[in-house]
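Colleague: Show me the folded form of this:
(one chain, ligands or ions: 3)
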Amino acid sequence: MYAHLFSMNAHMWLLLKRTSFRWQHTASQSMNNLWKLHEKCFELHYDGLVMRFDYVWLRDHCRSASCYNRKTNQRSLDTTKIDLKIRPSDIRMDNETLFITWPDQHVTQYRLSWLVENSYEGQKQNAVQPRILWDSETYRNAKLPAVKRKDFMECDEELKTFLKNFLLYGIAFVEDVPPTIDATETVAQRISLIRETMYGRMWNFTSDFSRGDTAYTKHALNCHTDTSYFQEPCGIQVFHCLRHEGTGGRTLLVDGFHSAEKIRKESPEDFDLLCKVPIKHEYIENVGGYHNHMIGIGPVLNVYPWNNELYMIRYNNYDRAVINTVSYEFVEKWYAAHQTLTAELRKPENEVWVKLKPGKVLFIDNWRVLHGRESFTGLRQLCGCYLTRDDVLNTARFLGLKA
Ligand SMILES: C[N+](C)(C)CCCC[C@H](N)C(=O)O
Ligand SMILES: O=C(O)CCC(=O)C(=O)O
Ligand SMILES: [Fe+2]
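Modeller: Numbers count the residues shown, from 1 in each chain. Ligands and ions are numbered 1, 2, ... in the order given. Now for the predicted structure:
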């Protein structure tokens, strides 16, 4: 039975091959749409693009009712049942649509525009997240306006503008927020779910050393990202200074991706090491009633493997644990690379300093922008929370942004 089916397929395939020697034009004979059946793939010239599609990929992406549920956008087809050597038994194309008949007579239709949007060769070049990298001058010149709480809460267009800027720059402000924890929570919830951690859902801290961490002191803190000791560091950090009666305490912001891109350009071997060497970060706390031990392991720079685009920097020298995940030959090189990156991050021209004031809520992309603070005197109270990154992006996509 199988042998019979196979010989039928092979026979059809030979027939097709004979007809696909020359380039085929679409039904309308338009010179713009050309296709060719290769042994291994279907090649389509359309809209000025040359695209190649594996047959198994084409079968897998059939959008017919039996293969795909359009209500849930979920696949019903069991991909593992596709013969990896599957070939079309018939192909037809008009100006907008490609029709493929498979050996079992199942027919798949693909809109050509859909193929353009999804051709994997085209996709590889696209950035997942468009960004504007900044140093202090470019950030200042961008003159990004802070959105007013009322507009932010009530108007989707204002929220969209806020999120657009946040995604582009990695920081954004909402102003005119009452200096309370509740009001801060309401503003945060407008864009995301709050990510509860061992610090609580909404946190409110001052320099009382109530927790085993330097954040709860008056000391200066070098630029860093938070929760580097989580396997998935918190996506966004929200800060609202509720009061400060004293001096100092300004907040430092540095675009980690701007510095990392500089290293990629000027010192590619360092960049590569920072992307590849896994580093452990750890939070050990035994203060008051708190007992926490968190560990996160991952490289300082994280890039998508398919296009090398940076998506996360995990940088916290305070919370970096013993280096025992690195083999001997890389240790010294890693330290040198870490110093190269650190020198870049600490260049004054890359630093933005802001004094957080009651009423002004700061959102920081904790996967990209590092924060720090100047030492201070007096009573200083800061509240805020962490947000889940997926949910911020979810809101952005709902509003029509690329995220
Ligand atoms: C923000 N809040 C005060 C709650 C937490 C501070 C966490 C500090 C820790 N060293 C880190 O960098 O993750
Ligand atoms: O006190 C500050 O301004 C920030 C401290 C800090 O780094 C943090 O809470 O994550
Ligand atoms: Fe921090």
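Colleague: alpha carbons only for contacts and neighbour counts from here, please
Modeller: Will do.
Colleague: What's the local residue count around the residue in the stretch 1-150 of the chain that ligand 2 sits nearest to?
Modeller: Among all residues of the stretch 1-150 of the chain, Ser136 sits closest to ligand 2, at 18.5 Å; criterion: C-alpha to the nearest ligand atom. Ser136 has 16 neighbouring residues, counting by other C-alpha atoms under 10 Å.
Colleague: residues contacting it?
Modeller: 349-352 (C-alpha atoms under 8 Å, 6 or more residues apart in numbering).
Colleague: could I get these as a markdown table with secondary structure and pLDDT?
Modeller: Listed next are those as a markdown table, based on DSSP: H, G, I helix; E, B strand; the rest coil; pLDDT from 0 to 100:
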| residue | secondary structure | pLDDT |
| --- | --- | --- |
| Glu349 | helix | 98 |
| Asn350 | helix | 98 |
| Glu351 | strand | 98 |
| Val352 | strand | 98 |
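Colleague: from those, which single one is nearest ligand 2?
Modeller: Val352 (13.4 Å).
Colleague: contact partners of the helix or strand where Asp391 lies?
Modeller: Asp391 belongs to helix 389-398 when assigned by DSSP states H and E. Residues outside helix 389-398 that contact it (C-alpha under 8 Å, 6+ apart) are 160, 163-164, 191-193, 234-236, 402-403.
Colleague: Can you flag the buried ones in those?
Modeller: 160, 163-164, 191-192, 234-236, 403 (16 or more other C-alpha atoms under 10 Å).
Colleague: Pull the most distant pair out of these.
Modeller: Lys160 and Cys234 (22.0 Å; C-alpha to C-alpha).
Colleague: on that earlier part again, mind giving me TSV with the contacts of helix 389-398 and columns for secondary structure, pLDDT and distance to ligand 1?
Modeller: Output for these, formatted as TSV (DSSP: H, G, I helix; E, B strand; the rest coil; pLDDT from 0 to 100; distance: C-alpha to the nearest ligand atom, whole Å):
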residue	secondary structure	pLDDT	distance to ligand 1
Lys160	helix	98	26
Leu163	helix	98	22
Lys164	helix	98	25
Ile191	coil	97	19
Ser192	coil	96	17
Leu193	coil	98	16
Cys234	coil	98	9
Gly235	coil	98	12
Ile236	strand	98	11
Lys402	coil	93	29
Ala403	coil	95	25
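Colleague: how near is Thr80 to Val56?
Modeller: 10 Å (C-alpha to C-alpha, to the nearest Å).
Colleague: Surely His45 forms part of a strand?
Modeller: Yes: counting by DSSP: H, G, I helix; E, B strand; the rest coil, His45 is located in a strand.
Colleague: Neighbours of it, how many?
Modeller: So His45, with other C-alpha under 10 Å, has 18 neighbours.
Colleague: and the closest residue to it other than its chain neighbours, bridged to which residues?
Modeller: Once flanking residues are discounted, His45 sits nearest to Leu34: 5.0 Å by C-alpha to C-alpha, 6 or more residues apart in numbering. Beta bridges link Leu34 to His25, His45 when assigned by DSSP bridges.
Colleague: and the stretch 251-400 of the chain, which residues reach ligand 2?
Modeller: The stretch 251-400 of the chain has residues 251, 372-373 near ligand 2, with proximity defined as C-alpha under 6 Å from any ligand atom.
Colleague: so which strand or helix has the residue sitting nearest the centre point of the chain?
Modeller: Centroid check for the chain by C-alpha atoms, centre = their mean gives Tyr311 as the closest residue, at 5.0 Å. Using DSSP H and E, the element containing Tyr311 is strand 310-313.
Colleague: Sheet partners, orientation included, of that strand?
Modeller: If you go by DSSP bridges, strand 310-313 pairs up with strand 301-303 (antiparallel).
Colleague: From the chain's centroid, how far away is the partner strand?
Modeller: 11 Å (C-alpha atoms, centre = their mean, to the nearest Å).
Colleague: could you give the mean pLDDT of it?
Modeller: The pLDDT scores in strand 301-303 average 98.
Colleague: same deal with stretch 36-49?
Modeller: pLDDT averaged over stretch 36-49 gives 90.
Colleague: So for that stretch, what gets flagged as buried?
Modeller: 36-38, 41-46.
Colleague: Can you lay out those residues as CSV showing distance to Arg201?
Modeller: Formatted as CSV, the buried residues of stretch 36-49 follow (distance: C-alpha to C-alpha, whole Å):
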residue, distance to Arg201
Lys36, 58
Leu37, 57
His38, 57
Cys41, 52
Phe42, 52
Glu43, 53
Leu44, 52
His45, 53
Tyr46, 52
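Colleague: Can you pick out the most distant pair from those?
Modeller: Top of the distance list for the buried residues of stretch 36-49 (C-alpha to C-alpha): His38 and Tyr46, 16.5 Å.
Colleague: Spell out which parts of the chain neighbour ligand 1.
Modeller: So the chain meets ligand 1 at 199, 203, 213, 215, 225-227 (C-alpha under 6 Å from any ligand atom).
Colleague: could I get those residues as JSON lines with distance to ligand 2, secondary structure and pLDDT?
Modeller: Shown next, in JSON lines, are those (distance: C-alpha to the nearest ligand atom, whole Å; DSSP: H, G, I helix; E, B strand; the rest coil; pLDDT from 0 to 100):
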{"residue": "Tyr199", "distance to ligand 2": "10", "secondary structure": "coil", "pLDDT": "97"}
{"residue": "Trp203", "distance to ligand 2": "9", "secondary structure": "strand", "pLDDT": "97"}
{"residue": "Asp213", "distance to ligand 2": "9", "secondary structure": "coil", "pLDDT": "95"}
{"residue": "Ala215", "distance to ligand 2": "5", "secondary structure": "helix", "pLDDT": "96"}
{"residue": "Thr225", "distance to ligand 2": "8", "secondary structure": "coil", "pLDDT": "98"}
{"residue": "Asp226", "distance to ligand 2": "6", "secondary structure": "coil", "pLDDT": "98"}
{"residue": "Thr227", "distance to ligand 2": "9", "secondary structure": "coil", "pLDDT": "98"}
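Colleague: what's the first-to-last distance across stretch 228-246?
Modeller: 30 Å.
Colleague: Buried residues of it, list them for me.
Modeller: In stretch 228-246, counting by 16+ other C-alpha under 10 Å, buried: 228-230, 233-244.
Colleague: do it and ligand 2 meet?
Modeller: No: Stretch 228-246 lies out of reach of ligand 2 by C-alpha under 6 Å from any ligand atom, never closer than 7.9 Å.
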